[in-house]
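Q: Task: produce atomic coordinates for the following.
(one chain, ligands or ions: 1)
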Amino acid sequence: MVNEINVKTILNKNKKHDGWFLGNYTLNPYAGCSMACIYCYTRGSKYGGDYGVEVAAKSNAVPLLKKQLKNSIRRNERGIIILGSAADPYPLVEKDLTLTREILGIIKRYKFPIHILTKSKLIIRDMDILKGIKEVAILPDELINKLDNGVIISFSFSTLNEKLAKII
Ligand code: SF4
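A: Numbering: from 1, shown residues only. The predicted model follows:
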């Protein structure tokens, strides 16, 4: 059974432009992360504690996101959405639940660019939607001359195998 929670907001606007991840918004479809990395920065934050033990889907994410993106467009605010700033958007439960996939569909519909942070190969399942976002996403003015398109995907790899580490 999947744990579910209701949230007040799903799209969080950054107070200032994030020059490292290039994001203007953060969005986490899930609370908690099944990857449970021992070095995760969120362990020491308000999201921390027994991080990784419990994963909960934000069950009202889809209607909330539609509403918040419509409001952003109305205010003429566009920017990159960082998907997975505090929890991997592809936890094990995503395979059946498809919440992240649904969220990507909405992001495509409203033509927002994205930066996805993940360690999961499940992202390959959503290549069709990611290609669609790449075609339609509207970049914020300050990045138009810096990026080719509106999809960035970042992976991080960890290994104790020195040979592999050198290759990476
Ligand atoms: S995948 Fe990322 S968010 Fe999840 S536990 Fe590891 S470092 Fe933290």
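Q: what comes up buried for the top helix by length along the chain?
A: For the chain, the helix that runs over the most residues, judged by DSSP state H, is helix 61-74. Buried positions in helix 61-74, judged by neighbour count with 16 or more other CB atoms under 10 Å: 61-62, 64-65, 68-69, 72. For every residue, glycine as well, the C-beta is placed using N, CA and C.
Q: Nearest to the ligand, out of those: which one, please.
A: A61 (17.1 Å; CB to the nearest ligand atom).
Q: Just the residues contacting the longest helix of the chain, thanks.
A: Defining contact as CB atoms under 8 Å, 6 or more residues apart in numbering, one finds that helix 61-74 is touched by 7, 9-11, 25, 27, 29, 78, 99, 102-103, 106-107, 110, 112.
Q: Which of those fall in helices?
A: Per DSSP H, those map to helices at 99, 102-103, 106-107.
Q: quick revisit: can you tell me which of the contacts of helix 61-74 are buried?
A: 10-11, 25, 27, 29, 78, 99, 103, 106-107, 110, 112.
Q: what's the closest of those residues to the ligand?
A: Out of the buried ones among the contacts of helix 61-74, the member with the shortest distance to the ligand (by CB to the nearest ligand atom) is P29, at 12.4 Å.
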